[in-house]
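>>> Sharing a sequence plus its predicted fold:
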Amino acid sequence: MEHPAVLECSVVGVPDPLRGQAIKAVITLNGGYQPDRALEKELREFCNSRLAEYKWVRIIEFVDQLPKTISGKIRKVELRQPAAL
């Protein structure tokens, strides 16, 4: 959430054959930013420079909006599925 490109995000664990679980960040971008490989790399480096290696973000998915409940909580169960939105 500290990066200027990020409007909203959620982080979940997803199955990974090598590690058991991989960390996946699902991100909604601020206006003026477009999802592309360069931004994905920039966000990954931004996050990983602040985290221990076992906490590194391995997968980044950009979405238009995060799935939420009526009360406004993020529905993480939907984010754990491949191609969540």
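Arrived safely, thanks for sending. A quick note: this is a predicted structure, and the numbers were derived from the prediction, not measured.
>>> Tell me the gap between stretch 36-44 and the middle of its chain.
How far stretch 36-44 lies from its chain's middle: 11 Å, per CA atoms, centre = their mean, to the nearest Å.
>>> whoops, stretch 21-33 was the one
4 Å.
>>> How about stretch 55-64?
The chain centre lies 3 Å from the centre of stretch 55-64; the measure is CA atoms, centre = their mean.
>>> Tell me the strands beside the helix or strand encompassing Lys24, with direction?
If you go by DSSP states H and E, Lys24 is part of strand 20-29. Strands that pair with strand 20-29, judged by DSSP bridges, come out as strand 6-16 (antiparallel), strand 57-62 (parallel).
>>> Could you point out which of those sits nearest Gln81?
Gln81 sits nearest to strand 6-16 of all these, at 8.6 Å, using CB to CB. Backbone N, C-alpha and C define where each C-beta goes, glycine included.
>>> List the buried residues of that closest one.
Neighbour counts using 16 or more other CB atoms under 10 Å place 6, 9-10, 12, 14 of strand 6-16 among the buried residues.
>>> so which of those residues comes closest to Leu51?
Among those, Cys9 lies closest to Leu51 (CB to CB), at 14.0 Å.
>>> Show me what that closest one is bridged to.
Beta-bridge partners for Cys9, by DSSP bridges, are Ile27.
>>> Need the strands paired with strand 20-29 in JSON lines (columns: distance to Leu43 and mean pLDDT).
JSON lines is the format used below for the strands paired with strand 20-29 (distance: least, CB to CB, whole Å; pLDDT from 0 to 100):
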{"stretch": "strand 6-16", "distance to Leu43": "7", "mean pLDDT": "93"}
{"stretch": "strand 57-62", "distance to Leu43": "6", "mean pLDDT": "94"}
